[in-house]
Structure formats: structure tokens, C-alpha cells
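Visitor: Build me a structure from this.
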Amino acid sequence: MLSSHFCSSAIAKNAAPPSLNTLPSSAFSPLQPHKKSCHHFVSFSHFSFPENSISSRRNSSFCTVSASKSDDQSHSFPYQGGESFFRDVLKSMETVYLNRNPTAKSILELVHSVDDAQICYDHLAFRTFGVDGYGINSMASFFLDYGYTQQEELRFPAKKLKALWFSPPISSCQDGGSGFNGPLPRVFISELLVDQMSPKTQEIIRKYTEKSGSGNKYAPLASALGSLTWEKPLYSEFQQLAGESEYAAWTLVNGYALNHVTISTHRLKSNLRSIKSLNQFIAKSGFKLNSEGGVLKVSPDGLLLQSSTVADSIPFCFSDGINESVPCSYIEFAERLVLPLYKNLPESEIKEFHRRDGFEVGNADKIFESTSKEQLTRRA
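Guide: Next up is the predicted model:
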């Protein structure tokens, strides 16, 4: 049974996630095996997220620099009429994210006040535990079922993490609308390699994933409701994980919540379309940016530029009655430059698929630090 574990003060009163007590029992029916030959339509009275297996792709630690998969491959939205439901789920995830993270909400409003055009999301990110079926696939299966395509794997040996990213299907709303009403974003899902952690940390993580039962089958639902799929941990357990892996500690208290959304800066219309200008604008507005490896993270080819704020903190009520602030989520910014092959195209003709695609291990490794204690406690 899913249950909400964040203190009531963490959620805006006028936008609290719905109570699970109001959901029908059919909302928690077992997954049906995924068959490519048939379509699984999802209704509001029956939340079903079919499983997809994800093939192992260990030979690719760095991303592609080819044109965007979302435009140069013809994988379209798989279900006629299903796109509105899919977008509604993403919007529910976003509502929880914005209610818990005032920095992200304020920055989106600030950018919109200057750039009164569409604000597009470059990608979404989730964190998971790579154990007992709670890893990447637990969230990825939802996106795969709605037309996303698995792309490269990235490895982070020092952090004991791996990640996969997924490109979106061709959508009916490619060119209009903001946020989740606009072009569908890429998805970046990472997982902690639990079997590489210390025995004590493994024991804590397995304690909660095992007690959660089949909660991993409802990862998108948990994210959309702002709920954990396991019980509240003890504060001492959170401290144990934080001492070994801040990623693990974050996931223990945030679960499948959106880790961050990313503004696609080059799709803005004002001078903020330059990520350097946007960084300066945000800093002057009083927001703290992640300084790990420098505020601006640049890929070796110079074509992918990224930055992010430092995560907000949120009150959390641990199971032993201790109330402490824990790191929540943040907002990222990404500028994808035009590939050399298309550098002579007129600006008016440049599309997303003419730009650098994928992700970069070096950039992502530093972006992960947005939720670290060092960044949260650093003075601006």
C-alpha cells in the first residue's frame, strides 16, 4: 500500500496530492505481461503499467552526438487517444515537484516573466534503487509503453551508479505549448548499484524495498501522488545511507519523485536562450547555483552546456518521531548547440534534431551534486 510520508507543511494546501484512500481497489491490480502485438489502454479507474524488459548495454559510457532521436527516427505515439492521459500523469508529477520545490517554481515564473513564450523541458530525471525490481526498469516501463525509445547507458563508478536515457516519441504537440503541453522531454533514469554498497547500507535498502511488496510496479503512480512506496525510515538509517551515498539517502526519503526538470534554454526567445545569460540572471535574482566543477558544465565536444540550482530542503517526519530537513529536488538548464554538420543552416531553419543530443557522463556526474550536503550548506 502506498502512503504519503512527507510532513503536511511540505505540500501547498491548495494543491495537496489526492489521498490513496479515495482510489478504487482496482487501481492496484497486478501488472499484465507486456505483449508487443496488443495495445494496453489505460483508464482513470484502472492504473496499469505493463512491464518491459530493458536490454543490458554496458559498452556505451558516453552519449551520442548525432541528431536527436526524437526527430530523425519515426517512432510515433503508440496509442491513439492515450497521449492526453500520458501528459496528465506527467503534469501530476510536475505538480508535486513544484509544490515541494519553491526554487523551481519561482525560477519558472521568473523566466516566463521575461520570456513570454513557451518554456520547453529538455529532460526529466528520476533516481532509483537497483535492487528487487526497484531500479531503472520500474520507472522506464511506463515511458517505454508510451512510445519512448531506450538510448545509451552511462556509468558513474565513483558514485556506484548507472543510468539510461530515453528519447520521446513524435507527438501531436511538437511545436506548441509550454511544459508538458509542449514537446515531450527526454527522460534520464539512474539507479544505485546496491550490491556494491556496504552490507549495512544494503540491509537498510532491502528492508524497505522488500516491505514495499509490489510497490515498484506503481512507480509512476507514486511519483504522481507524491508518495513513497515503502514505510518511513528511521532517522539513523537515513544518516547511515547519507554517510556512504547521498544519492541513496535522497532516494530513501524521496522515492520516485521527480529529481529535476530541465529548461531547454535554446528554445527560449529572449536573451535568456544563452545559458550563460540565464545563469547570470538567476544568480542576480538570488538563487544559488550548483558550483561543482564550475557553474557551467560543458561536454568535451563543447556542444552540451548544463547548469543547475542547488536543491531545496523539505521537512521530513521520520518513523521514530524525529523531524529533520532533507534534500528535495532542483531545476536544471541545458543548451544544446548546433552540430557542425548543420552550422551553416539559417537560424530560422534549425530544429531540435540539428542539435547535440544525448547526455555526458562528466556533466551529469557534477549535476548529481545538486542534492549534496556540501552544495546545500555552501554560501551563495
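
Visitor: and the residue lying closest to G130 once chain neighbours are set aside, what element?
Guide: Spatial nearest neighbour of G130, excluding adjacent residues (C-beta to C-beta, 6 or more residues apart in numbering): E191 at 3.8 Å. Quick note: C-beta positions are derived from backbone N, CA and C, even for glycine. Assigned by DSSP states H and E, E191 belongs to strand 186-192.

Visitor: List the pairing partners of that strand within its sheet, with orientation.
Guide: Paired strands of strand 186-192, with direction, are strand 121-129 (parallel), strand 161-167 (antiparallel) (DSSP bridges).

Visitor: Mean pLDDT per helix and strand in this structure: which one sits at the bottom?
Guide: Scoring the helices and strands of the chain by mean pLDDT, DSSP states H and E places helix 69-72 at the bottom, with a mean of 42.

Visitor: Check which element follows it along the chain.
Guide: By DSSP H and E, the next helix or strand past helix 69-72 is helix 83-100.

Visitor: now the strand holding E191, how far from the centre of its chain.
Guide: Taking C-alpha atoms, centre = their mean, to the nearest Å, the mean C-alpha location of strand 186-192 is offset from the chain mean by 7 Å.

Visitor: Where do the helices of the stretch 151-300 of the chain begin and end?
Guide: Here the stretch 151-300 of the chain has its helices, by DSSP state H, counting those that start in this stretch, at 199-211, 219-225, 235-244, 246-254, 275-284.

Visitor: Nearest to P157 among the ones you listed would be which one?
Guide: With C-beta to C-beta, the closest approach to P157 among the helices of the stretch 151-300 of the chain belongs to helix 246-254: 13.3 Å.

Visitor: Packing partners of that closest one?
Guide: For helix 246-254, the helices and strands in contact under the criterion 3 or more C-beta pairs under 8 Å, 6 or more residues apart in numbering; DSSP states H and E are strand 121-129, strand 186-192, helix 199-211, helix 235-244, strand 323-327.

Visitor: what comes into contact with it?
Guide: Counting by C-beta atoms under 8 Å, 6 or more residues apart in numbering, helix 246-254 makes contact with 5, 127-129, 159, 161, 190, 192, 197, 201, 204-205, 208, 228, 233, 237-239, 241-242, 259, 316, 326-329, 368, 371-373, all of which sit outside it.

Visitor: wait, what's in contact with the most centrally placed residue in the chain?
Guide: By C-alpha atoms, centre = their mean, the chain has its centre lying nearest to A125, at 1.7 Å. The contact partners of A125, taken as C-beta under 8 Å, 6+ apart, are 187-190, 258-262, 332.

Visitor: How many residues are close by the closest residue to F281 other than its chain neighbours?
Guide: Among residues not flanking F281 along the chain, L272 sits closest, at 6.1 Å (C-beta to C-beta, 6+ apart). L272 has 22 neighbours, counted by other C-beta atoms under 10 Å.

Visitor: wouldn't L272 be in contact with S113 here?
Guide: No - applying C-beta atoms under 8 Å, one finds L272 not in contact with S113, separated by 10.7 Å.
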